[in-house]
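Chemist: Sequence first, predicted coordinates after that:
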Amino acid sequence: MNDNLSLQGQVALVTGAATGIGRACALALAAAGADVAVNYRDQPELAAKLVDQIVGETRVRSFSVQADVSVEQDVERMYDAITERFGRIDILVSNAGVQADSVFAQMSLEQWSQVIDVNLTGAFLCARGAVREFLRQPSGLSRALGKIIFTSSVHQVIPWTGHANYAASKGGLMLLMKSIAQELAPKKIRVNAVAPGAIKTDINRDAWEDESAAEDLRKLIPYGRIGEPDDIGPAVAWLASDAADYVTGTTLFIDGGMLLYPGFRTGG
């Protein structure tokens with residue numbers, strides 16, 4: 001492996017790692033050499049299965065840690081468990097996210113709060129915890145003191161009818177990422193985001209499992225296919241590596257061209 005791509009000896013936390021994009025990120029980081037803490041909220045069996053896969057397929061260490069990222073005490077306990085087990089943390093992939101969809105006039109405060117609490121407040125709590133650990137530990141394992149990668153969405157840019165809470169959470173996440181990247185760059189902490197488009201995960205199964213729905217979705221993707229979680233994991237591993245050491249405050253869109261306004265392919 002190219003030394004600049006290696007994460008050997010580094011410790012990564014992936015939130016919402018039991019399934020989907022989080023799982024793919026955890027596997028990609030482990031393949032690059034990082035020890036991985038697998039966070040889950042309510043799927044311990046899937047998290048344990050992922051830990052077994054990571055340990056079985058690589059020479060790295062891994063364990064699962066339960067926490068609801070929207071609860072401050074849970075996040076603090078999670079970091080305590082990681083530092084007790086591994087002694088440090090070098091990489092945070094803040095991936096945990098939810099949807100609670102509704103037309104706007106019928107959206108309840110509970111639906112709004114659930115999405116904002118996990119997708120935005122949870123990202124804040126996890127990033128703050130990571131930064132506190134970065135600043136108190138010695139450097140030397142990579143060129144940066146620490147790396148944070150948020151999982152955002154194309155909907156940090158694209159409005160989404162029926163999903164105002166989700167789009168607002170991702171738009172807020174974009175400026176959270178940029179603001180703390182600006183603040184933390186002098187301390188050699190890099191902060192970036194990946195913004196997936198349509199990816200085959202459980203959260204959007206209705207949009208791709210049925211072939212008719214999948215065909216409608218592909219019309220929004222110039223590249224002509226729906227993405228897979230494995231399209232995201234390697235990009236996250238790259239952003240965490242020294243190969244991306246000069247990259248901070250940036251969103252990497254992984255969307256098959258959804259942001260290219262496919263409705264205008266015929267000239268509008």
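Modeler: All right, it came through fine.
Chemist: Next up, phi/psi of the nearest residue to Gln8 once chain neighbours are set aside, please.
Modeler: In this structure, Gln8 finds its nearest non-sequential neighbour in Gly33, 3.6 Å apart by CB to CB, 6 or more residues apart in numbering. For every residue, glycine as well, the C-beta is placed using N, CA and C. Per-residue torsions, Gly33: phi 110, psi 0 (degrees, to the nearest 10).
Chemist: What count of nearby residues applies to Gly33?
Modeler: Other residues near Gly33 come to 19 when the count uses other CB atoms under 10 Å.
Chemist: Check the gap between it and Arg59 for me.
Modeler: The gap separating Gly33 from Arg59 is 8 Å, by CB to CB, to the nearest Å.
Chemist: One more: Ser70?
Modeler: Using CB to CB, Ser70 is found at 34 Å from Arg59.
Chemist: Likewise for Ile149?
Modeler: 23 Å.
Chemist: what does Gly20 give?
Modeler: Counting by CB to CB, the gap from Gly20 to Arg59 is 25 Å.
Chemist: Which one's more surrounded, those two?
Modeler: Gly20 (22 against 9).
Chemist: Isn't the more buried one up against Thr201?
Modeler: Yes - in this structure, Gly20 is within contact of Thr201 by CB atoms under 8 Å, at 3.7 Å.
Chemist: Tell me the residues that contact both of these two, please.
Modeler: With contacts defined as CB atoms under 8 Å, 6 or more residues apart in numbering, the residues shared by Gly20 and Thr201 are Pro229.
Chemist: which residues of the stretch 151-268 of the chain score low on pLDDT?
Modeler: Scanning the stretch 151-268 of the chain for pLDDT under 70 picks out 207-208, 268.
Chemist: So which residues of it form helices?
Modeler: 164-184, 205-208, 211-218, 233-240 (DSSP state H, counting those that start in this stretch).
Chemist: How about the contacts made by Thr161?
Modeler: With CB under 8 Å, 6+ apart, Thr161 has these contacts: Val103.
Chemist: Which strand residues bridge Pro196?
Modeler: Beta-bridge partners for Pro196, by DSSP bridges, are Ile254.
Chemist: wait, doesn't Ala144 sit right on Ala244?
Modeler: No - taking contacts as CB under 8 Å, Ala144 lies outside contact range of Ala244: 9.2 Å.
Chemist: Identify the contacts common to these two.
Modeler: Common neighbours of Ala144 and Ala244 (CB under 8 Å, 6+ apart) are Arg190.
Chemist: got a list of contacts for stretch 120-130?
Modeler: So stretch 120-130 is contacted by 13, 15, 68-70, 72, 75-76, 78-79, 89, 92, 94, 96, 146, 148, 150, 169, 172-173, 176, 180, 191 (CB under 8 Å, 6+ apart).
Chemist: Quick one, which of these are buried?
Modeler: The neighbour count (16 or more other CB atoms under 10 Å) marks 13, 15, 68-70, 75, 78-79, 89, 92, 94, 96, 146, 148, 150, 169, 172-173, 176, 180, 191 as buried among these.
Chemist: Among the residues you listed, which are located in strands?
Modeler: Leu13, Leu92, Ser94, Gly146, Ile148, Phe150, Val191 (DSSP state E).
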